[in-house]
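Participant: just need the structure, nothing else, for what follows:
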Amino acid sequence: MEKSEFNKGVIYALTAYSLWGIAPLYFKYIDYIPAPEILMHRIIWSFALLLLMVVIGGQVAEVKKLLKMPKQLSVLACTSILVGFNWLIFIWAVNDGRLLEASLGYFINPLLNVALGMIFLRERLPKLQLFAVGLATLGVIIQLVVYGSIPWVSLLLAGSFGIYGLLKKKVNLKAVTGLFVETTILLPIALLYWAQLSSETANFSSNELSLNAVLICAGIVTTLPLLAFSAAATRIPFYMLGLFQYIGPSAMFIMAITLFSEELDQTKLTTFAFIWAALILFVFDIWRQSKKVKT
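Facilitator: Take a look at the predicted model:
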């Protein structure tokens, strides 16, 4: 691979994960709008933007081909529900002052992916990565046993996105094509929800132009980082892409305790400590394995 392409890949990866990391700023800006309504806009305007990209990118034939493949469509029907659920929980968590819990979910996610790969794809784990997964699990168990609570927001986010990724491996589609079909499946539900909605911000004709513009930007907030991620994935090694993914939850964590003044109490700190320790081991082992491959 040419150095220029590698450098572009790094820039795309930084862009993707940085945009995901600062996405809560957008949802916090419109936190007076109910989460289901924001999700509705996210689906509708993502569909509009992705439709434009499918047409301009010459992927219409690929979409038509996909629509004739019932097995892939059935999987995408499941992934569309999972991604819609994940979006809804994330928006609600941000707007309800639970960004710390959301960031924890995305710290847990890569470790959960490893566990899912081991269980469902029969992937063999190096001992250090297996220990890292166990350490993360122990952190959640300690919170449950010692503090009598469970980070259900974090687990729902990590679980829904982890299963989403697992199912997406089965269809192996381009990012734009897959997401377009998923949003197409969700579109009728979003439109029906909009048709019966009676909130103060539901009627575009009575909203201020600036508010309508902000709501339409939900499509950009959703789609732009995914496109950057897709561009990065073809230009840099997979292990390196995996290391960049911690930019997002790290940015969320910092924003939660600085900009939004969320409390990092003993319960959350204990769980975070175990997850961070697990991630350090996990990242170290990925780096070590990559060095072995190179040599």
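Participant: state the mean pLDDT of stretch 231-250.
Facilitator: Per-residue pLDDT values over stretch 231-250 give a mean of 77.
Participant: what's next to that stretch, contact-wise?
Facilitator: 1, 5-6, 8-10, 12-18, 20-21, 103-107, 109-110, 279, 283, 286-287, 289-290 (Cβ atoms under 8 Å, 6 or more residues apart in numbering). Every C-beta, even on glycine, is put in place using the N, C-alpha and C of the backbone.
Participant: again, 6 Å this time
Facilitator: Here stretch 231-250 makes contact (Cβ atoms under 6 Å, 6 or more residues apart in numbering) with 5, 8-9, 12-13, 16-18, 20-21, 103, 106-107, 286, 290.
Participant: drop anything exposed from those residues.
Facilitator: Among the contacts of stretch 231-250, those buried by neighbour count (16 or more other Cβ atoms under 10 Å) are 8-9, 12-13, 16-18, 20-21, 103, 106-107, 286, 290.
Participant: secondary structure, pLDDT and distance to Trp92 added to those, as CSV?
Facilitator: Converted to CSV, those look like this (DSSP: H, G, I helix; E, B strand; the rest coil; pLDDT from 0 to 100; distance: Cβ to Cβ, whole Å):
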residue, secondary structure, pLDDT, distance to Trp92
Lys8, helix, 86, 36
Gly9, helix, 84, 33
Tyr12, helix, 88, 29
Ala13, helix, 87, 28
Ala16, helix, 89, 23
Tyr17, helix, 89, 22
Ser18, helix, 93, 23
Trp20, helix, 91, 17
Gly21, helix, 93, 18
Ser103, helix, 93, 15
Tyr106, helix, 90, 15
Phe107, helix, 89, 19
Ile286, helix, 74, 32
Ser290, helix, 67, 37
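Participant: adding distance to Leu125, write those out as a markdown table.
Facilitator: A markdown table is the format used below for these (distance: Cβ to Cβ, whole Å):
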| residue | distance to Leu125 |
| --- | --- |
| Lys8 | 32 |
| Gly9 | 27 |
| Tyr12 | 29 |
| Ala13 | 24 |
| Ala16 | 26 |
| Tyr17 | 24 |
| Ser18 | 30 |
| Trp20 | 26 |
| Gly21 | 28 |
| Ser103 | 25 |
| Tyr106 | 21 |
| Phe107 | 19 |
| Ile286 | 12 |
| Ser290 | 16 |
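Participant: and which of those is nearest Phe161?
Facilitator: Nearest to Phe161 among the buried ones among the contacts of stretch 231-250 is Tyr106, at 7.7 Å by Cβ to Cβ.
Participant: so who does that closest one touch?
Facilitator: When contacts are counted by Cβ under 6 Å, 6+ apart, Tyr106 touches 248-249.
Participant: now the one 3 residues further on
Facilitator: With contacts defined as Cβ under 6 Å, 6+ apart, Asn109 is in contact with 158, 161-162.
Participant: low pLDDT regions in the stretch 151-295 of the chain?
Facilitator: For the stretch 151-295 of the chain, applying pLDDT under 70 flags the ranges 238-239, 242, 290-295.
Participant: picking up where we left off before, quick check: the two most widely separated of the contacts of stretch 231-250?
Facilitator: Pairwise distances across the contacts of stretch 231-250 (Cβ to Cβ) peak at 31.4 Å, for the pair Glu5 and Ser103.
Participant: so which strand or helix has Ser210?
Facilitator: Per DSSP states H and E, Ser210 falls inside helix 209-216.
Participant: restrict the strand or helix carrying Ser230 to CA atoms and write it as PDB.
Facilitator: Per DSSP H and E, Ser230 falls inside helix 218-233. In PDB, the C-alpha atoms belonging to helix 218-233 read as follows (Å, rounded to 0.1, in the frame of the first residue of the first chain):
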ATOM      1  CA  ALA A 218     -29.400  14.300  11.900                       C
ATOM      2  CA  GLY A 219     -28.700  12.500   8.600                       C
ATOM      3  CA  ILE A 220     -25.200  14.000   8.300                       C
ATOM      4  CA  VAL A 221     -24.400  13.200  11.900                       C
ATOM      5  CA  THR A 222     -25.400   9.600  11.300                       C
ATOM      6  CA  THR A 223     -23.900   9.000   7.800                       C
ATOM      7  CA  LEU A 224     -20.700  11.100   7.600                       C
ATOM      8  CA  PRO A 225     -18.700   9.200  10.200                       C
ATOM      9  CA  LEU A 226     -19.800   5.900   8.700                       C
ATOM     10  CA  LEU A 227     -18.500   6.900   5.300                       C
ATOM     11  CA  ALA A 228     -15.200   8.000   6.800                       C
ATOM     12  CA  PHE A 229     -14.900   4.700   8.600                       C
ATOM     13  CA  SER A 230     -15.600   2.800   5.400                       C
ATOM     14  CA  ALA A 231     -12.900   4.800   3.600                       C
ATOM     15  CA  ALA A 232     -10.400   4.100   6.500                       C
ATOM     16  CA  ALA A 233     -11.100   0.400   6.600                       C
END
